[in-house]
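K.L.:
what's the 3D shape of this:
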Amino acid sequence: QVQLVESGGGLVQAGGSLRLSCAASGRAFSYYIMGWFRQAPGKEREFVAFISGSGGETVHVDSVKGRFTISRDNAKSTVYLQMNSLKPEDTAVYYCAADRRFAGKSVYAKDYDLWGQGTQVTVSS
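P.N.:
Numbering: from 1, shown residues only. From the prediction side, this is the model:
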């Protein structure tokens, strides 16, 4: 059974950096569009970024452009989210997700059918 396991969250001061990892089991990883979402307390889950199966196309939400970078290593079945210049408003639980049904390059959580357990990122001011 395919699973996604995130790691790399933690507590960091504003202006700092973290790199999140999401390791996938299963053989078809390189076919899946992979996404990162986040959810802050009391707020809805928010799209952060997605990456195509080959890694050749990425999209980031405007609020993280220039600070966050999504990437993937298909040989390791892992997707990453490099987060630089972190701000207190980036505090949230971060989730990776896989689109295994080929819904398309989507910014909507409903189009991703496999989710990790989430990892907490807390940015102090």
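K.L.:
so where's this structure uncertain?
P.N.:
For the chain, no stretch has pLDDT under 70.
K.L.:
ranges for the strands of it?
P.N.:
4-7, 10-13, 18-24, 33-39, 46-51, 58-60, 68-73, 78-83, 92-99, 114-115, 119-124 (DSSP state E).
K.L.:
Could you dump the ones you listed into TSV with mean neighbour count and distance to Val107 added?
P.N.:
Bear in mind the C-beta positions are built from the backbone N, C-alpha and C, glycine included. What follows is the strands of the chain, written out as TSV (neighbours: other Cβ atoms under 10 Å; distance: least, Cβ to Cβ, whole Å):
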stretch	mean neighbour count	distance to Val107
strand 4-7	18	18
strand 10-13	13	26
strand 18-24	20	17
strand 33-39	24	8
strand 46-51	22	4
strand 58-60	16	7
strand 68-73	18	13
strand 78-83	23	15
strand 92-99	23	11
strand 114-115	18	15
strand 119-124	17	20
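K.L.:
What residues does the residue nearest in space to the middle of the chain make contact with?
P.N.:
In the chain, the residue lying closest to the centroid (Cα atoms, centre = their mean) is Trp36, at 2.3 Å. Trp36 sits next to 20, 22, 48-50, 70, 79, 81, 94-97 when contact means Cβ atoms under 8 Å, 6 or more residues apart in numbering.
K.L.:
Including distance to Ala40, could those residues go into CSV?
P.N.:
Formatted as CSV, the contacts of Trp36 follow (distance: Cβ to Cβ, whole Å):
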residue, distance to Ala40
Leu20, 16
Cys22, 19
Val48, 12
Ala49, 16
Phe50, 19
Ile70, 19
Val79, 21
Leu81, 16
Tyr94, 10
Tyr95, 12
Cys96, 17
Ala97, 17
